[in-house]
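> fold the following.
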Amino acid sequence: MTRATALPGTLFLLLTVAPVGMRAQQIPQRDRDAAQKLIAAALADHHAYDRLAYMVDTFGPRLSGSVALERTIDWILEEMKADGLDDVQVDSTMVPHWVRGPESLEMLAPRERKLPMLGLGGSIGTPPGGIRAEVLVVSSFDDLTAHAAQAKGRIVLFDVPFTNYGETVRYRTQGAGAAAKVGAVASLIRTVGPQSMQNPHTGVMYYEDGVPKIPHAAITVEDARMIHRMQDRGQRVELLLHMDAETLPDAPSRNAMAEITGSEHPEEVVVLGGHIDSWDVGQGAMDDGGGVVAAWEAVRLMKKLGLRPRRTVRVVAWVNEENGGAGGRQYAQDHADERHVLAIESDGGVFKPEGFGFTGSDQAMAVVREVAKLLQSVGSGTITKGGGGSDIEPLMQTGVPGMGLNVEDERYFWYHHSDADTMDKLDPDDVARCVATMAVMAYVIADLPDPLPR
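Okay, the predicted model is just below:
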């Protein structure tokens, strides 16, 4: 008992009660009241939805290295200052600068047809006249190995059905290297998603050291299946692929951020946000403009309501998540001397929120689950084990607890990284619920008498 009684009162209660769950009355009444105010304010209007719509309609897609991205960041910084937020600042960093250029894909045999396609981020281009070759369709890496003798001089098409993102995305990231090793002149993938309406999806790909670089692109689910059927019937399929893609020298960019400075422990930080870069198609509304604006709105509402928690709450629009992760790494480096209590990321679309996935100690999980009870009226009070995000991963690797916003995501991969990631896919009320969910979690954790235990 000597050791336990030396602990601060609230932390002692958290640690001793944690195995059976935190009692509801341990959330201070002032935080309960603040949570209700934040929820009411978030659901009162569609400010976040309208701000997001303005951003994506005005600036469009925001690939790292692009003028559109930098103009968007300029606008965010101006708007954060207009909101009256504290310490509006940037982390400067260098980002990759890949440019798509003109591109096309045509089927020449057994009939002529233009095929929708998107080059994959980081791919090289084709020679000026393009690449004309017969297609070899395979269903997996093992299938490619089994037909390696047939791949030389051909365009390999990976027609791999979507199971889950982590499994299927390997064909996007690693497909070019696998095809090049067996002598293919180019590689294509069936778009990484459960379905498409003739809308291919892009995304980052990588080359292997010591392996020839070949062009790598995505085609639609419909066309991949059609070409596969043709091959199964014994028909010869010939394609002409043209890509002017190139990688330019790294370009300067920035994370944009602002905060509510803590009233008692400003050196302790709850950080939340999303990534402001997107692919160069669609509008990047769902991935991840919505995550940025929802987190931003959560902090704006704290300011509007006059709520200043004990600890600092900081919103960050991280840069370069899609094809490099430079923003997340730079943030962790530039803010390494600060004590981060919790990191929250929204990068799964701002659809109807369900709660959070959380990575941290059992004691911290007990606290987070108690806070989440304040979100039951929004329908987002479920906390599952395991969560985070690419941008906060560098922080989490240093021991900072992390969480990712969980939403109803069955539609996410319909639109992901495609021309279909546009504003109309989002519902204003769902966006508002995401704002409420992030605001309550960030504020209450930042305002508890003791920091979230590690």
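> ranges for the strands of the stretch 251-400 of the chain?
Shown for the stretch 251-400 of the chain, the strands assigned by DSSP state E, counting those that start in this stretch span residues 265-275, 311-318, 339-345, 353-359, 382-385.
> okay, now L108: neighbour count?
Other residues lying near L108 total 13 when counted by other Cβ atoms under 10 Å. C-betas here are computed from N, CA, C, even on glycine.
> mind starting the numbering at 46 from now?
With the count now opening at 46, the last piece we talked about shows up as L153.
> isn't it up against R281?
No - in terms of Cβ atoms under 8 Å, L153 does not count as a neighbour of R281; the distance is 10.1 Å.
> can I see the domain layout of the chain?
The chain breaks down by automatic domain parsing into domains covering 47-142+294-492, 146-289.
> and these, which is most packed in?
Comparing the domains of the chain by mean neighbour count (mean count of other Cβ atoms under 10 Å), domain 47-142+294-492 comes out on top with a mean of 21.
> which residues touch G255?
If a contact means Cβ atoms under 8 Å, 6 or more residues apart in numbering, then G255 has no contacts.
> that one and R374: what is the separation?
For G255, the distance to R374 equals 26 Å [Cβ to Cβ, to the nearest Å].
> could you do G335 as well?
On the measure of Cβ to Cβ, G335 and R374 end up 23 Å apart.
> W341 too?
Applying Cβ to Cβ to W341 and R374 gives a distance of 22 Å.
> can you check G307 too?
25 Å.
> give the contact list for G405.
G405 touches V413, P446, G447, M448, L497, R499, counting by Cβ under 8 Å, 6+ apart.
> I'd say the second one and V412 touch.
No - here P446 lies out of contact with V412, judged by Cβ under 8 Å, at a distance of 9.6 Å.
> next, show the common contact partners of these two.
By Cβ under 8 Å, 6+ apart, the residues touching both P446 and V412 are L497.
> which strand residues bridge S232?
Taking DSSP bridges, one obtains V201, H261 as the residues bridged to S232.
> doesn't K258 make contact with it?
No - if you go by Cβ under 8 Å, S232 and K258 don't touch, sitting 10.7 Å apart.
> quick check: neighbours shared by the two?
A221, A225.
> ok, the closest residue to P147 other than its chain neighbours - contacts?
Once flanking residues are discounted, P147 sits nearest to D289: 5.0 Å by Cβ to Cβ, 6 or more residues apart in numbering. By Cβ under 8 Å, 6+ apart, the residues touching D289 are R145, G146, P147, E148, G170, T171.
> state the distance from D289 to V326.
Applying Cβ to Cβ to D289 and V326 gives a distance of 16 Å.
> what does P297 give?
23 Å.
> over to P161?
Relative to V326, P161 is positioned 11 Å away (Cβ to Cβ).
> please, where are all the strands along the stretch 46-195 of the chain?
131-144, 148-154, 158-159, 162-164, 176-183.
> JSON lines please, covering those strands and showing mean pLDDT and distance to A330.
Formatted as JSON lines, the strands of the stretch 46-195 of the chain follow (pLDDT from 0 to 100; distance: least, Cβ to Cβ, whole Å):
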{"stretch": "strand 131-144", "mean pLDDT": "98", "distance to A330": "21"}
{"stretch": "strand 148-154", "mean pLDDT": "98", "distance to A330": "23"}
{"stretch": "strand 158-159", "mean pLDDT": "98", "distance to A330": "27"}
{"stretch": "strand 162-164", "mean pLDDT": "98", "distance to A330": "18"}
{"stretch": "strand 176-183", "mean pLDDT": "98", "distance to A330": "33"}
